[in-house]
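Asks: the following block contains a protein sequence and its predicted model.
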Amino acid sequence: MKRAKELVIISGKGGTGKTTLSGSLVRLLGKNEKVICDSDVDAADMFLLFEPETEREEDFRGKSIAVINYDKCVDCGICQKVCRFDAVALEDGKYQINPYSCDGCTYCMLACPAKAISMEQQVVGKWFISNTDSGSMVHARLKPGAENSGNLVTMVKHQSHLLAEENGISLILIDGPPGIGCPVTSAISGANLAVIVTEPTFSGIHDLERVLGVTGHFQVSSAIVINKYDMNEKNSRDIERFAKEKDIPLLGKIPLSTCVMDAITRNKTPVDSCPDIKSIMEDILGKIKKLMDIQ
Ligand code: SF4
Ligand code: SF4
């Protein structure tokens, strides 16, 4: 079977309606038509819309950091002296390693005269495979302050592909992280289409340009959806003009709607309760399918 195609929904920053669009597409696509992949590992929120029942839960391990065995430690303080990352401090009469500052360079382990330090891989998050009434979902949670979000995104994408292959599913719908950082590059890397959700504000246009810079760099085809387009129709026209000049498909314009806001407050997708918005979303999905050459 061919590798499943990847559709990723992103935005230049949080709060632009990215999950509103992803959630609506999840609802519109058939249960066995896609694997849902929530790659916003720092602030996953798809589970709020789809109430997943966890079927599998696994630890996600990050880099190795130094750990002191106090049965062997002789309190010489050499580890603190050699650490160039200021990760070792004397607290409550004990040398202690701050896991958030430790770079894992192993210098202290090699320097410790009592061989009291070892390197241990840290559990920095969890990933899950869950069932929802709209299909299988792969999602994850990174511990607050933990690094490695890009690697965790790569992991949830990899698990989504395995699940798709097992179940003969040909599409992975990825709710991407906001912004343009490392997790976003992991989310879009290898995607067949990135749909960028933007708002007609000055910063929205700026964020759109920045995120297009990233998709362009990774040679991922892009398309645009304007959310709350009637909030500032002039700016929306500017975005339309910009999209035309750059030859980037504009898939649709979603109006500012109290129905949408109400649905989101109740953890529902607009497709569940806003007929006007549902038909706009259906139109957007039709265009996505055409661009991705899927049935
Ligand atoms: S270098 Fe080793 S023995 Fe010395 S304080 Fe650090 S852990 Fe303890
Ligand atoms: S592994 Fe490196 S960074 Fe971590 S505590 Fe030891 S010397 Fe410092």
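Replies: On my side now, so go ahead. Numbers count the residues shown, from 1 in each chain. Ligands and ions are numbered 1, 2, ... in the order given.

Asks: just the strands in this protein please.
Replies: Shown for the chain, the strands assigned by DSSP state E span residues 5-11, 35-38, 53-68, 88-91, 94-97, 117-132, 135-142, 171-178, 193-198, 222-227, 250-254.

Asks: any chance of TSV for those strands, columns mean pLDDT and distance to N267?
Replies: Where you see a C-beta, it was placed from the backbone N, CA and C, and this is true even at glycine. Shown next, in TSV, are these (pLDDT from 0 to 100; distance: least, Cβ to Cβ, whole Å):
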stretch	mean pLDDT	distance to N267
strand 5-11	95	18
strand 35-38	95	14
strand 53-68	93	16
strand 88-91	95	43
strand 94-97	96	41
strand 117-132	93	13
strand 135-142	93	15
strand 171-178	92	15
strand 193-198	96	19
strand 222-227	96	18
strand 250-254	96	19
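
Asks: Q295 is nearest to which of the ones you listed?
Replies: Closest of the strands of the chain to Q295 is strand 171-178, at 9.9 Å (criterion: Cβ to Cβ).

Asks: count the neighbours of whichever residue of the stretch 151-295 of the chain sits closest to ligand 2 for me.
Replies: Relative to ligand 2, the nearest point of the stretch 151-295 of the chain is N151 (19.1 Å; Cβ to the nearest ligand atom). Residues near N151, counting by other Cβ atoms under 10 Å, number 19.

Asks: one more: N167?
Replies: Around N167 there are 12 residues (other Cβ under 10 Å).

Asks: so what's the residue of the stretch 151-295 of the chain found nearest ligand 1 up against?
Replies: Per Cβ to the nearest ligand atom, N151 is where the stretch 151-295 of the chain lies closest to ligand 1, at 28.6 Å. Residues near N151 by Cβ atoms under 8 Å, 6 or more residues apart in numbering: F60, G62, S186.

Asks: so which residues on this protein come close to ligand 2?
Replies: 65-66, 82-83, 85, 87-88, 97, 102-108 (Cβ under 6 Å from any ligand atom).

Asks: tell me the buried residues in the worst-scoring helix or strand of the chain on mean pLDDT?
Replies: When the helices and strands of the chain are scored by mean pLDDT, DSSP states H and E, helix 46-50 comes last with a mean of 82. Applying a neighbour-count criterion of 16 or more other Cβ atoms under 10 Å, the buried positions in helix 46-50 are M46, F47, L49, F50.

Asks: spit out the contact partners of the closest residue to P200 other than its chain neighbours.
Replies: Distances taken as Cβ to Cβ, 6 or more residues apart in numbering place N235 nearest to P200, at 3.6 Å, with adjacent residues excluded. N235 makes contact with P200, T201, F202, G204, I205 under the criterion Cβ under 8 Å, 6+ apart.

Asks: specify which member of the buried residues of helix 46-50 is nearest to L212.
Replies: Nearest to L212 among the buried residues of helix 46-50, with distances taken as Cβ to Cβ, is M46, at 24.0 Å.

Asks: give the other helices and strands that the least confident helix or strand of the chain contacts.
Replies: Here helix 46-50 touches helix 18-28, strand 35-38, strand 135-142, going by 3 or more Cβ pairs under 8 Å, 6 or more residues apart in numbering; DSSP states H and E.

Asks: related to what we said a few turns ago, against F202, how distant is the residue nearest to P200?
Replies: N235 is 7 Å from F202, where distance means Cβ to Cβ, to the nearest Å.

Asks: before we move on, what about A66?
Replies: Taking Cβ to Cβ, one finds A66 at 47 Å from F202.

Asks: and F47, by the same measure?
Replies: Relative to F202, and taking Cβ to Cβ, F47 is found at 33 Å.

Asks: where does the stretch 101-250 of the chain get nearest to ligand 1, residue-wise?
Replies: Counting by Cβ to the nearest ligand atom, the stretch 101-250 of the chain gets nearest ligand 1 through C112, at 3.3 Å.

Asks: OK, contacts around that residue?
Replies: C112 touches I78, C79, counting by Cβ under 8 Å, 6+ apart.

Asks: what number of residues lie near N32?
Replies: 11.

Asks: now the terminal residues of stretch 82-96, how far apart.
Replies: One end of stretch 82-96 sits 14 Å from the other (Cα to Cα, to the nearest Å).

Asks: could you list the buried residues of it?
Replies: Those would be C83, A87, V88, Y95, for stretch 82-96 by 16+ other Cβ under 10 Å.

Asks: how much space is there between the closest residue to I10 other than its chain neighbours and D40?
Replies: Nearest residue to I10, sequence neighbours excluded (Cβ to Cβ, 6+ apart): G176, at 3.9 Å. Here the criterion is Cβ to Cβ. By it, G176 lies 7 Å from D40.
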